[in-house]
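> kindly return the folded structure for what I paste below:
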Amino acid sequence: MLRNYFKTAWRNIARGRSHSALNIIGLAIGIAVALIIGLWVCNQYSYDRFLPDYKQLYQVTRDFYGNGDTLRYGGSSLKLADILRNQIPELESVVETDGGGMHGLMVGDKKLYVKGNAVATGFLTMFQFPSLQGHAENVLSDPYSIVLTESIAKALFGNEEPLSKTVRYDNKSDLKVTGILKDVPANSTLKFNYLVPFGFLESTDSFVKVARSKGFGWTNFITYVKVKPGIAYTQVAAKIKDIQKSERDNSMSMATNIVLDPVERWHLYDNFNNGKPAAGFIEYVRIFSVVGILVLVIACINFVNLTTARSEKRAKEVAVRKAIGSSKKELISQFLIESISLTFIAFIFSIIFVQFALPAFNKLTGDAIKIPFTNVPFWIITLCCVLFTALAAGSRPAFYLSSFNPVKVLKGSLQAGKAASLPRKMLAVLQFSCSIALIISTFIIYQQVQYAKNRPSGYDKNRLMMTDMNEDLARNYIAIRNEIKQKGIAGMITTASSNVTTGGNHRDLEDWPGKRPGEFINMGYIHVSEDYFNTAGMTMKEGRNFSSNLDTLNVILNEAAVKLLRLTNPVNQVITFIDTRLKIIGVVKDAIMASPYAPADPTTFMYETSPQNVMMYRLTAGIKTQDAITALKAIFNKYNPAYPFTYTFADDSYAAKFKQEVLIGKLAGLFATLAIFISCLGLFGLAAYMAEQRTKEIGIRKVLGASMQQVWLLLSKDFILLVLVSCFIASPIALYFSSNWLQKYDYRISISPFVFIAAGMAAIVITIITISFQSVKAAIANPVKSLRTE
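Numbers count the residues shown, from 1 in each chain. Model prediction:
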């Protein structure tokens with residue numbers, strides 16, 4: 001019997017080729033979209049979960065109560081790390097790191113400038129990244145050792161055995177290779193190309209040398225802990241929350257609590273509001289999970305509508321089967337088998353589609369997703385979902401078709417009427433409501449991104465380049481600066497502790513005019529050298545710029561800092577910052593250095609006579625960019641031979657701030673387009689069916705004088721009306737969710753009615769184009785042939 005069901009199903013699929021093709025294409029695209037989104041969602045949830053014992057791993061963070069808010073900071077001090085290690089027995093291990101940075105690695109004539117970390121000895125036993133050579137317990141025990149990732153080892157040593165070989169580090173220290181790790185997985189929040197012992201940093205960096213003996217205020221480090229098995233987070237949280245307050249320490253305000261941030265939440269829950277987790281990227285994961293389901297539902301609606309629309313063609317078949325003894329149960333089984341067969345054919349095509357689409361999708365998202373062909377659980381879950389889709393799509397047609405009265409059908413008295421068409425219209429409205437809501441959301445995301453991009457940044461990004469400094473560059477900075485200027489490559493050159501597009505570090509401000517008892521303020525700060533504001537293109541609002549080496553005890557505030565400190569006449573007033581009394585000599589206009597969606601960060605600019613971490617230089621107007629880069633490369637290689645010449649353009653760095661929103665907009669646009677396409681497939685099929693059913697009516701109307709336009713309107717008006725109803729349903733839904741999404745941005749658009757009008761008009765135009773082929777075809781048909789049609 002089952003074999004007969006499948007045989008009959010195949011015959012029906014082959015007989016109605018056009019109908020089957022529309023169903024298969026719609027279902028294949030729907031399943032493919034759901035599969036791609038499902039793989040992407042699983043990838044997002046998999047971040048950091050490849051680490052053994054990941055549920056026991058945490059980062060030590062600080063909640064600072066100041067500026068009228070609770071701010072979450074990831075940096076912590078070495079003093080805190082030592083206290084946690086010695087006073088909290090529930091912690092199995094504590095490791096400190098430098099937070100990572102770019103450094104030079106050299107072997108012979110091979111030079112790399114890559115990101116790595118200085119980490120405590122127990123880092124690789126806490127974070128058990130897959131190892132190829134070396135033992136995690138002692139691979140970093142020698143202060144002058146280095147652990148490389150597989151690709152970096154290959155780049156430096158080629159096919160040679162790298163273990164025990166020497167790598168020149170920052171052109172000043174020789175480190176022995178003691179271990180090789182597999183490349184850090186793409187779904188790891190921690191990213192590095194090499195690891196050096198923290199002891200090496202303590203023996204070579206003067207700042208780190210003294211940091212362990214200093215107070216809690218020296219928060220330039222990242223600390224991770226691993227709790228013992230069986231110990232709950234709450235047991236540790238209560239002990240460490242106020243641990244800094246129990247120590248007398250004037251280097252940091254006591255308005256700080258210590259909080260542990262679990263590794264499994266780093267990737268998806270990266271936003272904090274008033275010290276509490278406020279979702280983050282998880283919001284987008286949830287949104288696109290819903291989008292994937294909606295696109296699949298739209299494809300299923302196509303199947304239901306197209307199948308029930310053909311009910312009259314299958315009515316006699318059902319009546320004959322019932323007349324010769326088929327039960328309703330057998331008929332339902334037959335139609336469900338057809339649905340399952342169609343869905344599994346669509347699933348095969350969807351796998352092919354996904355396989356070809358994933359490289360482009362990975363390029364768009366920056367992920368490395370692939371179909372896990374050898375993963376048995378994946379296939380079990382996927383096939384169960386496909387079977388559920390087949391049953392969901394086929395159940396309505398199966399029950400509807402099997403319910404026909406054979407007597408009425410065989411007498412020819414069966415009339416579908418409005419009762420049969422109403423469910424189809426409701427499903428079509430649901431289908432287009434989802435598609436139009438996606439279109440509206442895409443428009444709003446695009447407008448928000450463009451709004452933020454067009455926001456005045458407060459500095460000139462045009463032709464501004466930035467290069468990370470190292471000891472060789474710092475030592476030769478004056479010579480490099482002079483040669484660049486002499487050759488006319490750049491007219492303005494400066495250095496700063498951070499580049500202009502990222503902002504500075506933060507620290508408690510100790511004292512300022514009008515400070516209230518118990519008040520704490522956390523202030524951003526940037527160390528700058530001469531010509532910083534001129535090079536960056538920032539504008540002074542009042543007071544004066546830094547002019548000489550005598551300005552080392554003077555500061556310049558931005559407008560946001562003046563507002564935060566409530567200073568009415570800031571120039572010549574004195575603040576105490578980093579244990580130093582500093583006189584305010586000027587106020588600079590706000591610049592957007594952090595998030596382009598947030599207010600400017602209150603910042604203090606302090607003058608330094610020595611070169612800082614980043615060199616910034618603006619290319620002269622008359623030189624071509626590529627010619628300038630070639631000339632700069634020669635100069636930097638001359639004074640900095642141990643490092644490759646690396647640079648960043650400020651406009652590229654600023655554009656990267658929109659990467660996440662641009663990605664979300666592109667994905668929303670892509671899936672909205674596919675949803676509309678699937679909906680249009682359904683409309684095309686329904687329009688073809690309607691034109692076929694009304695062939696004689698159209699012939700009679702044409703004989704009586706109806707024009708082609710009148711026939712077109714007759715066949716099109718119902719569909720246009722359905723789309724208009726969909727617009728009215730989709731608009732408030734899209735408005736609600738888009739408004740909630742925009743609330744996360746301080747700098748945001750006001751949603752214009754034009755968005756809803758444009759989306760509605762686009763949907764109507766697409767609908768008209770889709771159905772016009774069938775409508776015009778029916779309208780120009782010869783009425784004589786139409787009236788002969790049975």
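
> tell me how far the most centrally placed residue in the chain lies from Lys666.
Nearest to the geometric centre of the chain sits Gln660, at 4.2 Å (Cα atoms, centre = their mean). Distance, Gln660 to Lys666, by Cβ to Cβ, to the nearest Å: 11 Å. C-beta here means a position set from N, CA and C on the backbone, and glycine is covered the same way.

> ok, Arg49 next?
27 Å.

> quick revisit: buried residues in the helix or strand hosting the residue nearest to the centre of the chain, which are they?
Using DSSP states H and E, the secondary-structure element containing Gln660 is helix 659-693. Using 16 or more other Cβ atoms under 10 Å as the test for burial, helix 659-693 gives 661-662, 664-665, 667-672, 674-691.

> and stretch 748-767, by the same measure?
Arg748, Ile749, Ile751, Val755, Phe756, Ala759, Gly760, Ala763, Ile764, Ile766, Thr767.

> again, but for stretch 110-123
Lys111, Leu112, Tyr113, Val114, Gly116, Asn117, Ala118, Val119, Ala120, Thr121, Gly122, Phe123.

> so what's the fifth one up against?
Spelled out, it's Gly116. Gly100, Gly101, His103, Phe192, Asn193, Tyr194, Leu195, Val196 (Cβ atoms under 8 Å, 6 or more residues apart in numbering).

> now the buried members of these.
Gly100, His103, Phe192, Asn193, Tyr194, Leu195, Val196.

> out of the residues you listed, which sit inside strands?
Cross-referencing the buried ones among the contacts of Gly116 against strands under DSSP state E gives His103, Tyr194, Leu195, Val196.

> closest to Trp218 out of the residues you listed?
Val196 (20.2 Å; Cβ to Cβ).

> beta partners of the closest one?
Beta-bridge pairing for Val196 (DSSP bridges): Ala118.

> could you check how far the residue nearest to Ile493 when sequence neighbours are not counted is from Pro732?
In space, and not counting its chain neighbours, Ile493 is closest to Tyr617: 4.3 Å by Cβ to Cβ, 6 or more residues apart in numbering. Distance of Tyr617 to Pro732, given as Cβ to Cβ: 52 Å.

> comparing these two, which residue is more hemmed in?
Remark: of Tyr617 and Pro732, Tyr617 carries more neighbours, 26 against 11, as counted by other Cβ atoms under 10 Å.

> make sure that one is indeed in a helix.
No - per DSSP: H, G, I helix; E, B strand; the rest coil, Tyr617 lies outside any helix segment and is strand.

> ok, it - contacts?
Leu464, Met465, Thr467, Ile484, Ile489, Ala490, Met492, Ile493, Thr494, Thr535.

> what pairs with it across the strands?
Met465, Ile493.

> so who does the closest residue in space to Thr389 that isn't next to it in sequence touch?
Using Cβ to Cβ, 6+ apart and skipping residues adjacent in sequence, the residue nearest Thr389 is Thr343, 5.8 Å away. Residues near Thr343 by Cβ under 8 Å, 6+ apart: Leu27, Ile31, Val386, Leu387, Thr389, Ala390, Ala393, Gly394.

> what comes up buried for the helix or strand containing Thr343?
Under the criterion of DSSP H and E, Thr343 resides in helix 328-365. Buried residues in helix 328-365, counting neighbours by 16+ other Cβ under 10 Å, are found at 331-343, 345-347, 349-351, 353-354, 357-358, 361-362.

> looking at it, Thr576 is touching Asp508, isn't it?
No - using Cβ atoms under 8 Å as the test, Thr576 is too far from Asp508 to be in contact (10.3 Å).

> which one's more surrounded, these two?
Neighbour totals were compared for Thr576 and Asp508, and Asp508 leads with 19 against 13 (other Cβ under 10 Å).

> now the more buried one: phi and psi?
With angles defined as degrees, to the nearest 10, Asp508 sits at phi -70, psi 140.

> do you know the pLDDT at the closest residue to Arg212 other than its chain neighbours?
For Arg212, ignoring the flanking residues on the chain, the nearest one in space by Cβ to Cβ, 6+ apart is Leu78 at 4.2 Å. pLDDT for Leu78: 86.

> so Leu567 sits in a helix?
No - applying three-state DSSP, one finds Leu567 to be coil, outside a helix.

> surely it meets Lys515?
No - Leu567 lies out of contact with Lys515 (Cβ under 8 Å); the separation is 11.1 Å.

> show me the helices in the stretch 251-400 of the chain, by range?
282-309, 311-323, 328-365, 376-401 (DSSP state H, counting those that start in this stretch).

> please convert the ones you listed to TSV, extending it with distance to Thr219 and mean pLDDT.
Converted to TSV, the helices of the stretch 251-400 of the chain look like this (distance: least, Cβ to Cβ, whole Å; pLDDT from 0 to 100):
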stretch	distance to Thr219	mean pLDDT
helix 282-309	27	83
helix 311-323	71	63
helix 328-365	33	85
helix 376-401	43	82
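
> sketch out the low-pLDDT regions of the stretch 1-150 of the chain for me.
1-16, 65-69 (pLDDT under 70).
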